[in-house]
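**Q** I need the structure of the sequence given here:
(one chain, ligands or ions: 1)
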Amino acid sequence: MKSISIMLILAFQLWFCIVGISHGQSIVPGFMIFGDSVVDTGNNNNQLTLVKANFRPYGRDFGSHLPTGRFCNGKLATDFTVETLGFSSYPPAYFSSEAQGENLLYGANFALAASGYWDKTAILYGAVPLTRQLRNFEEYQARIKAIAGEENATELIRESIYLLSAGSSDYVQNYYINPLINKLKTPDQVTSLAPLGCLPASITLFGKDKNDCVTRLNSDAIGFNYKLKAAAEALKKSHPDLKLVVFDIYNPLLDLVQNPSKYGFFETRKACCGTGTIETSLLCNAISIGTCSDASGYVFWDSFHPSEAANKALAGALLLQGIELIS
Ligand SMILES: *[C@@H]1O[C@H](CO)[C@@H](O)[C@H](O)[C@H]1NC(C)=O
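**A** Here you go, the predicted model:
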């Protein structure tokens with residue numbers, strides 16, 4: 001639990017930050033996921049919020065070909081990571097009906113779409129804020145103690161990998177889109193790791209008729225990345241036993257956008273869903289006009305979220321960076 005608090009204080013609003021405490025074992029018993037729409041696997045489905053993805057065409061390339069609540073046509077980067085770590089099922093979305101009994105003993109997913117680091121984001125979009133995800137995690141710990149006993153539960157909590165994804169929704173949707181909140185925060189306080197200027201929605205909204213990545217957003221992201229690395233180094237010095245890796249999502253995603261053919265992509269500017277320039281969540285739906293029939297060549301599935309194909313490439317890059325956590 002201590003590591004979680006440290007992580008949340010440290011991690012601000014990055015896309016991917018894994019904090020794992022392992023004790024030299026090669027197998028992790030559980031995977032705990034916190035954050036926003038980039039990793040939410042369906043917790044928002046039954047919440048009173050507009051930010052949802054449990055309808056077609058979301059999920060059309062998922063195993064079941066059904067919408068799950070993931071903001072993607074198929075698997076998220078974390079789904080690929082979970083598979084690579086050798087789990088036979090994904091950590092259940094904590095608010096789903098699967099989050100019961102023994103299913104809880106391999107971790108859980110507490111992430112909620114539009115629930116960024118900054119709690120006002122979540123309130124604005126009617127989603128549950130990150131602080132509430134932590135309270136749910138505390139409740140979860142009590143539940144698994146009741147299911148598996150104190151000792152087993154403690155080991156699971158201690159040995160699991162923890163992943164936090166946040167920032168993209170806070171940054172793009174609030175700072176740059178919501179003029180009211182814009183006045184309250186400066187980019188220095190709310191920053192992120194991803195090349196936000198390359199999201200199709202960013203180019204549409206801030207590209208000023210140009211079709212290129214928005215430089216201002218990207219340089220804000222780079223600034224954050226730099227500060228985050230410095231904070232992580234300081235934390236490692238003061239907590240030598242803490243296993244902490246700050247994943248760099250910026251360069252892998254930027255590389256996909258700038259060198260698409262290297263990875264088999266042909267479309268980086270437009271997302272697959274609808275016109276591909278602005279749609280996400282409710283605006284990306286079964287009657288959206290122009291949705292592509294094959295998303296495998298698209299870096300973006302909707303205008304804020306990578307496609308399954310891009311997630312697969314990103315998961316590969318992230319795993320290389322995170323290998324020391326599980327070795
Ligand atoms: C703890 O885990 C072990 C190994 O899986 C199991 O045999 C044992 O029953 C568990 N303890 C409790 C109290 O459930």
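
**Q** need the three-state assignment for S37.
**A** Judged by DSSP: H, G, I helix; E, B strand; the rest coil, the three-state class of S37 is coil.

**Q** nearest residue to it other than its sequence neighbours?
**A** Excluding the flanking residues, the one nearest S37 by C-beta to C-beta, 6 or more residues apart in numbering is A113, at 3.6 Å. To be clear about C-beta, it is placed using only N, CA and C from the backbone, and glycine gets the same treatment.

**Q** ok, the one you found - contacts?
**A** Taking C-beta atoms under 8 Å, 6 or more residues apart in numbering as the criterion, A113 is in contact with 36-37, 40, 43-44, 49, 51-53, 71, 127, 169, 281.

**Q** which parts of the stretch 151-300 of the chain sit against the ligand?
**A** N152 (C-beta under 6 Å from any ligand atom).

**Q** what segments of the stretch 151-300 of the chain are strands?
**A** With strands called from DSSP state E, counting those that start in this stretch, the stretch 151-300 of the chain shows them at 161-165, 244-246.

**Q** what about R132, helix or strand, and which?
**A** Taking DSSP states H and E as the criterion, R132 maps to helix 130-148.

**Q** I249: neighbouring residues, count only.
**A** Applying other C-beta atoms under 10 Å, we find 28 residues neighbouring I249.

**Q** same question for the one 4 residues further on.
**A** Taking other C-beta under 10 Å as the criterion, the count of residues near L253 is 25.

**Q** is it fair to say M32 lies in a strand?
**A** Yes: according to three-state DSSP, M32 belongs to a strand.

**Q** now it: how far from the ligand?
**A** 18 Å (C-beta to the nearest ligand atom, to the nearest Å).

**Q** for F206, which non-adjacent residue is closest in space?
**A** Counting by C-beta to C-beta, 6+ apart, F206 lies nearest to V214, which is 4.7 Å off, once chain neighbours are set aside.

**Q** surely that neighbour and P200 touch.
**A** No: when contacts are counted by C-beta atoms under 8 Å, V214 is not listed as touching P200 (10.9 Å).

**Q** residues contacting the residue in the stretch 51-200 of the chain that the ligand sits nearest to?
**A** Relative to the ligand, the nearest point of the stretch 51-200 of the chain is G149 (2.6 Å; C-beta to the nearest ligand atom). Residues counted as contacts of G149 (C-beta under 8 Å, 6+ apart): none.

**Q** show me where the stretch 151-300 of the chain dips below the pLDDT cut-off.
**A** Scanning the stretch 151-300 of the chain for pLDDT under 70 picks out 166-194, 209, 224-225, 227-228, 231-232, 235, 239, 241-248.

**Q** which parts of it are helices?
**A** 168, 179-182, 200-206, 215-238, 250-258 (DSSP state H, counting those that start in this stretch).

**Q** list the helices and strands the third one packs on?
**A** The one in question is helix 200-206. helix 215-238 (3 or more C-beta pairs under 8 Å, 6 or more residues apart in numbering; DSSP states H and E).

**Q** right, I'll leave it there.
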